[in-house]
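Undergrad: how would this look folded up:
(chains A and B)
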Amino acid sequence: MEKLYVNEIRRDGEVSTVGLFYSRAEAEKIVDMLRAIPERSHCRYEIVEAVRHLLSEKQAKRTSIFTEV
Amino acid sequence: MRGITPRREQGMADPVLAEMVHAMGLAEAPHFAAIKPTIQAYRRRWVELAPYRDGPVNSERTPVPDPAAMTRQIKDKAWQLGAHLVGVCRLQPHMIDLGQDVPHEFVIACCVAEDYEKVMHGADAVEEEAMRTYVRCTEISNELAAQIRAMGYPARAHHNGGCEVQAIPIFYQVGFGELGRHGSLINTEYGASFRPGFVTTDLPLVEDRPREFGVQDFCMNCNVCQLNCPGDAIPQDYVVTHGIKRWLIDLEKCYPYSRLRNEYCHLCVDVCPYNVKSHPQTYKAFMKERKQVGYKTPKTY
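TA: Got it, this is the predicted structure:
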């Protein structure tokens, strides 16, 4: 299944992730809806493939406060 | 005010779930097909209450010379009705569903805590408790909205019977807590074991403030929800939305455990160490059980 983030890029360059979507059609529909809001006209939107490390990959490393049984 | 936050459809209206269910050659997600009669009854209850979310507003408006006093009065009412947490904030676009227009200035958030002890009786007991709590939230928010309309101010309840607002950004803004790695808001007293109801209104009120107590920093190192997730659906890294860290759950990995089998899955919330404050003995006993079946647990348990 495809995994895509929709990011909102504001006038000052700040990036805010709108969400994670599972098809380009779903992501494009969201962007179209956001672009139709006059109050958001100063924002740009981008659809980017979810970077693999941002999705779940169980870490083998231990943390300082948890231990493996 | 127009909303900007997408809401994922529930049940088979969710295209991700529908695709996975159809790939299995089924017409319905196994979890929903196997729901017990008690849970079906709870679900019917909030459907029954849906038509009463909104209604006529009394034409004689009660003056509100002191919004702080009115806020106290509203919070008292919510507590009397059974809420465990009540907060108020000004409604903002990111608190409203994308595509919805909510014409109110304030939102009142009410939460009812779940009985965490149910965790010892298995996943289905946890789900039944969740549904019971949702019904209570539905009743409280409907009643609160009706009372505000009787004072002459527009008010609409938002709950499982119908909702146009987003829980997490409102919870954060009213000071209930911070968003945890598992995607639920964490409160100091109740962990993430509570359910919401909301009322949007133009009744003059006084806002609460966000309250941070280190959850997002703690979640950066804890990982116990991630390590206990049977589907490996909770990510290591986060994204940022409106300046707040969010760990976006991978639904393709979550659904096989939460929707595509008969039993409920609520483990990410159940194993959260923030439950230890409200239910220390139950949490420790539950984590001992988890340890016996090979999951990572906090060192002391």
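Undergrad: was I right about residue B:43 contacting residue B:131?
TA: Yes: with contacts counted by Cβ atoms under 8 Å, residue B:43 reaches residue B:131, the gap being 6.7 Å. Using the backbone N, CA and C atoms, a C-beta is placed for each residue, glycine as well.
Undergrad: The two: which has the busier surroundings?
TA: The neighbour count for residue B:43 versus residue B:131, taken as other Cβ atoms under 10 Å in any protein chain shown, is higher for residue B:131 (23 against 17).
Undergrad: and stretch A:16-25, is it in reach of chain B?
TA: Yes: under the criterion of Cβ under 8 Å from any Cβ of the partner chain, stretch A:16-25 makes contact with chain B via A:16-20, A:22-23.
Undergrad: pLDDT below threshold where in the chain?
TA: Defaulting to chain A. A:52-69 (pLDDT under 70).
Undergrad: ah, I was thinking of chain B
TA: Looking at chain B by pLDDT under 70, you get B:296-301.
Undergrad: Could you pull up the contacting residues of residue 1?
TA: Because you didn't say which chain, this covers chain A. By Cβ atoms under 8 Å, 6 or more residues apart in numbering or on different chains, the contact set of residue A:1 is A:22-23, B:16, B:19, B:252.
Undergrad: you looked at the wrong chain, it should be chain B
TA: Residue B:1 touches B:91-93, B:96, B:101-104, counting by Cβ under 8 Å, 6+ apart.
Undergrad: Just the buried residues from these, in ChimeraX please.
TA: Buried subset of the contacts of residue B:1, written as a ChimeraX selection, criterion 16 or more other Cβ atoms under 10 Å in any protein chain shown:
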select /B:91,92,93,96,102,104
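Undergrad: restrict the contacts of residue B:1 to those near chain A?
TA: Okay, of the contacts of residue B:1 touching chain A (Cβ under 8 Å from any Cβ), that's residue B:93.
Undergrad: if you look at the contacts of residue B:1, which of them are in strands?
TA: Judged by DSSP state E, strands contain none of the contacts of residue B:1.
Undergrad: Nearest to chain A among the contacts of residue B:1?
TA: residue B:93 (6.8 Å; Cβ to the nearest Cβ).
Undergrad: can I assume that closest one is in contact with residue B:2?
TA: Yes: with contact taken as Cβ under 8 Å, residue B:93 and residue B:2 are classed as touching, separated by 6.3 Å.
Undergrad: sec struct for residue B:76, please.
TA: When classified by DSSP: H, G, I helix; E, B strand; the rest coil, residue B:76 comes out as helix.
Undergrad: Any idea how many residues pack against it?
TA: Neighbour tally, residue B:76, other Cβ under 10 Å: 11.
Undergrad: go on, residue B:222?
TA: Considering only other Cβ under 10 Å, residue B:222 is surrounded by 21 other residues.
Undergrad: so how far is chain A from it?
TA: Using Cβ to the nearest Cβ, to the nearest Å, residue B:222 is found at 7 Å from chain A.
Undergrad: Quick check: closest non-adjacent residue to that residue.
TA: residue B:273 (6.4 Å; Cβ to Cβ, 6 or more residues apart in numbering or on different chains).
Undergrad: And residue B:38, by the same measure?
TA: residue B:128 (5.7 Å).
Undergrad: Give me the buried positions along the helix or strand where the one you found lies.
TA: Using DSSP states H and E, residue B:128 falls within helix B:123-150. Going by neighbour count (16+ other Cβ under 10 Å), the buried part of helix B:123-150 is B:123-124, B:126-149.
Undergrad: now the strands: where do they sit in chain A?
TA: A:4-9, A:15-21, A:44-49, A:66-67.
Undergrad: Now tabulate those strands in a markdown table and tack on mean neighbour count and distance to residue B:223.
TA: Shown next, in a markdown table, are the strands of chain A (neighbours: other Cβ atoms under 10 Å in any protein chain shown; distance: least, Cβ to Cβ, whole Å):
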| stretch | mean neighbour count | distance to residue B:223 |
| --- | --- | --- |
| strand A:4-9 | 19 | 22 |
| strand A:15-21 | 20 | 20 |
| strand A:44-49 | 14 | 25 |
| strand A:66-67 | 14 | 7 |
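Undergrad: Nearest to residue B:164, out of those strands?
TA: Proximity to residue B:164 (Cβ to Cβ) singles out strand A:15-21 among these, at 17.0 Å.
Undergrad: From what I see, the residue nearest to residue B:222 and residue B:221 are in contact.
TA: No: counting by Cβ under 8 Å, residue B:273 does not reach residue B:221; the two are 11.1 Å apart.
Undergrad: Just the element for residue B:7, please.
TA: Counting by DSSP H and E, residue B:7 is found in no helix or strand.
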